[in-house]
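# test case, fold it:
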Amino acid sequence: MTKPPSSKTPPKPQPQGGERIAKVLARAGVASRRAAEAMIAEGRVSVNGAPIDSPALNVSPRDRIAVDGKPLGAKEPTRVWLYHKPLGLVTSEKDEKGRETVFDSLPDDLPRVMSIGRLDLNSEGLLLLTNDGALKRRLELPATGWLRKYRVRVNGAPTEAMLAPLKQGVVIDGERFQPMLVAIDRQQGANAWLTIGLREGRNREIRRALDSVGLTVNRLIRTAYGPFQLGDLAPGAVEELRPRVLRDQLGLSADEVAEGRAPAPAPKKTPRSTPKSAPRTAEAPAEKPARKSWGMKSHGGARTETDGARGKPRSWGTKSARGPNKPGPMR
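Residues are numbered from 1 along each chain as shown. Below is the predicted model:
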């Protein structure tokens, strides 16, 4: 006897039309695309009432999608925030060692966000946050190559000859690093300040590269990520980018971003004490008030040195941002 079809049979992948289920979940801000695929494998996602266990499924707007039994809401407008990551925070949602993460210190009224790229425990500076998992994935692809700039303090007395290999590209433990833009800013006693630009996102890339030429990094601050700059954003502060900036710099369409002016930043949580493993040096500048300007001026202008002195804006010879028709993912 032929068995009647079961109502629990998962929907079959559609050869044409629609979008991959993981991409839809990412665009809805549920999780990054990779994390969404893991959720599917765990059986937490259902389509039209049937659980699925494979991301190899295309869905259309007519399909009913649920995560953990809750219907998937409509895609929220894409939003992006600048965040000044302090020392001693881990750039992950959960840490196996129980250390505080950047998401523990964000304002309570911020929606669920994901970081674009990472900064390690002992690095500080600009970190981009977004509610759009698809945008996060696009901006992290290796082919994107947006220039990221860092202010780096090293122990030692670097010379142009010493730094020349970094400008050509070095090979460390069989891993080739792409050429970096490196400039010596000034010597301060036993330490020196460098400005470094790169387009890769390898683990501890700057620290490993400088160590290979005999220099030890004792402070690393990311000051720019593509066209977006840290400026005078205070440590721990969050600032949302205006929709116009998202359209101009990321090539997003008007219907993908929220309308109107970005809301003012909400007061951040009372920060926990800085972990003992990452003390801030006495040389660190005092915190400045959060910026009030939401225009493009707040992401450019004269460069402020780490010690508080004003410096001329540094030209790198190439544009760090692409036009709106050729958005380059950031790393």
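# just checking: what are the partner strands of the longest strand seen in the chain?
Longest strand in the chain, counting residues (DSSP state E): strand 216-225. Strand pairing for strand 216-225, using DSSP bridges, gives strand 124-130 (parallel), strand 148-155 (antiparallel), strand 228-229 (antiparallel).
# quick one, which of those strands is nearest to residue 98?
Taking C-beta to C-beta, strand 124-130 is the member of the strands paired with strand 216-225 nearest to residue 98, at 20.9 Å. From N, CA and C alone the C-beta is placed, and that goes for glycine too.
# angle of whichever helix or strand comes after the closest one against strand 216-225?
Using DSSP states H and E, the next helix or strand after strand 124-130 towards the C-terminus is helix 133-140. Computed by axes from the mean of the first three to the mean of the last three C-alpha atoms, to 10 degrees, the angle separating helix 133-140 from strand 216-225 equals 120 degrees.
# what domains does the record give for this structure?
Split into domains by automatic domain parsing, the chain comes to 19-71, 80-311.
# can you list those domains in a markdown table and add mean pLDDT?
Shown next, in a markdown table, are the domains of the chain (pLDDT from 0 to 100):
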| stretch | mean pLDDT |
| --- | --- |
| domain 19-71 | 88 |
| domain 80-311 | 81 |
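# next, format those domains as TSV and append mean neighbour count.
Shown next, in TSV, are these (neighbours: other C-beta atoms under 10 Å):
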stretch	mean neighbour count
domain 19-71	17
domain 80-311	17
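# returning to what we had before: for the strands paired with strand 216-225, which one sits closest to residue 176?
strand 148-155 (18.4 Å).
# output the closest one as CSV, nothing but the C-alphas.
Extracted in CSV, the C-alpha atoms of strand 148-155 (Å, rounded to 0.1, in the frame of the first residue of the first chain):
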residue,chain,number,x,y,z
ARG,A,148,41.8,50.3,6.9
LYS,A,149,44.2,52.7,8.7
TYR,A,150,45.8,52.2,12.1
ARG,A,151,47.9,54.2,14.5
VAL,A,152,50.5,51.8,15.9
ARG,A,153,52.9,52.4,18.8
VAL,A,154,56.0,50.1,18.7
ASN,A,155,58.9,49.5,21.0
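# what's in contact with that strand?
125, 185, 190-199, 206, 210, 215-226, 306, 316, 320, 330-331 (C-beta atoms under 8 Å, 6 or more residues apart in numbering).
# switch to 6 Å and redo it
191-194, 196-197, 210, 215-225, 306 (C-beta atoms under 6 Å, 6 or more residues apart in numbering).
# check stretch 159-177 too.
For stretch 159-177, the external contacting residues (C-beta under 6 Å, 6+ apart) are 178-180, 182, 208-209, 212-213.
# same thing but 10 Å
When contacts are defined by C-beta atoms under 10 Å, 6 or more residues apart in numbering, stretch 159-177 is touched by residues 156, 158, 178-184, 192, 194, 196, 198, 200, 202-203, 205-206, 208-215.
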